[in-house]
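S.K.: Using only what follows, build the 3D model:
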Amino acid sequence: MNKNSNLYQIIYAAVMVLIVGTVLAFIYMALKPKQDDNVANDKRKQILSAVHITPKSDNAIESTFNKYVVAGYLLDKNGEIVDSAQNVAFNVDMKNNIKAQERKLPVFKCKLDDESTKYIVPAYGAGLWGPIWGYIAVDDNGTNIYGAYFSHEGETPGLGAEIANPKFQNQFKGKKLYKDGEFKPISVLKNGKSAENGEDHVDAVTGGTITSTGVSNMLKDCLTPYKPFFDKLQSGTIK
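M.R.: Numbering: from 1, shown residues only. Take a look at the predicted model:
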């Protein structure tokens, strides 16, 4: 075949595309399990951060998670456990779940070294430049926040990105979800401002007003569906 002909060039290009595509597909399939493990371990670290636990090394993330997170389950809108299968809570994709007409309500039950029990719930919302998300740990009385973790996809460094800073997150420890017997999710307010509805609040990130408002809205939107569950914790009907 004439190497200068159009037919030869078309066949040659098609063969090269096929070879390169096959190689790339093989590499992708070979690396995907490792990539999936990395994504899962990053999620485990974030969940553990809500209860102030840091694995000693990357190799210890999964074992540390399995040590402290003793159960995971889904709730219905009445706060009842409807599914406690292994990984059922862990596998919920909050990005898609938040848009669902009927959301899944995952909960992680955590047992700490001092034998206290904490319940961790996820949150997902919108910041200034993209998604923000987090995990909120609540004491087994259903009222007090034990810890919080937040992260983002693309907020501005030094401004909105500061929601991922422990200094911001540590403000949530000890805040209450109920005031005078009424459920009131935590607000994020500009320093010096007071909450209009009397709810507990934390100081917003300086210069990150929109991101801070996004966190505040996210907490209200994502914690409110868990109110029946928190009520049950307060009444002692869930152990």
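S.K.: any weak-confidence spans in the protein?
M.R.: Low-confidence regions of the chain, defined by pLDDT under 70, span residues 1-8, 28, 30-34, 239.
S.K.: For it, which segments count as helices?
M.R.: Counting by DSSP state H, the chain forms helices over residues 6-49, 61-68, 94-97, 166-169, 209-223, 227-235, given from the N-terminal end onward.
S.K.: nearest to Glu115, of those?
M.R.: Ranking the helices of the chain by their distance to Glu115 (criterion: CB to CB) puts helix 61-68 first, at 11.7 Å. Quick note: C-beta positions are derived from backbone N, CA and C, even for glycine.
S.K.: and the helices of the chain, which is most packed in?
M.R.: Comparing these by mean neighbour count (mean count of other CB atoms under 10 Å), helix 209-223 ranks first with a mean of 21.
S.K.: Run through the neighbouring helices and strands of that helix.
M.R.: Using 3 or more CB pairs under 8 Å, 6 or more residues apart in numbering; DSSP states H and E as the contact criterion, the elements in contact with helix 209-223 are strand 117-126, strand 131-139, strand 187-189.
S.K.: and if we set it to 10 Å?
M.R.: Using 3 or more CB pairs under 10 Å, 6 or more residues apart in numbering; DSSP states H and E as the contact criterion, the neighbours of helix 209-223 among helices and strands are strand 117-126, strand 131-139, strand 145-152, strand 187-189, strand 201-203.
S.K.: Extract the C-alpha trace of the first one and format it as CSV.
M.R.: Okay, so that is strand 117-126. Taking C-alpha atoms only, strand 117-126 is exported to CSV below (Å, rounded to 0.1, in the frame of the first residue of the first chain):
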residue,chain,number,x,y,z
THR,A,117,-21.2,7.6,71.9
LYS,A,118,-21.4,10.2,69.2
TYR,A,119,-23.6,10.4,66.1
ILE,A,120,-22.2,11.9,62.9
VAL,A,121,-24.4,13.3,60.1
PRO,A,122,-23.2,14.6,56.7
ALA,A,123,-24.1,18.0,55.2
TYR,A,124,-23.7,19.3,51.6
GLY,A,125,-24.4,22.7,50.2
ALA,A,126,-23.1,25.6,48.0
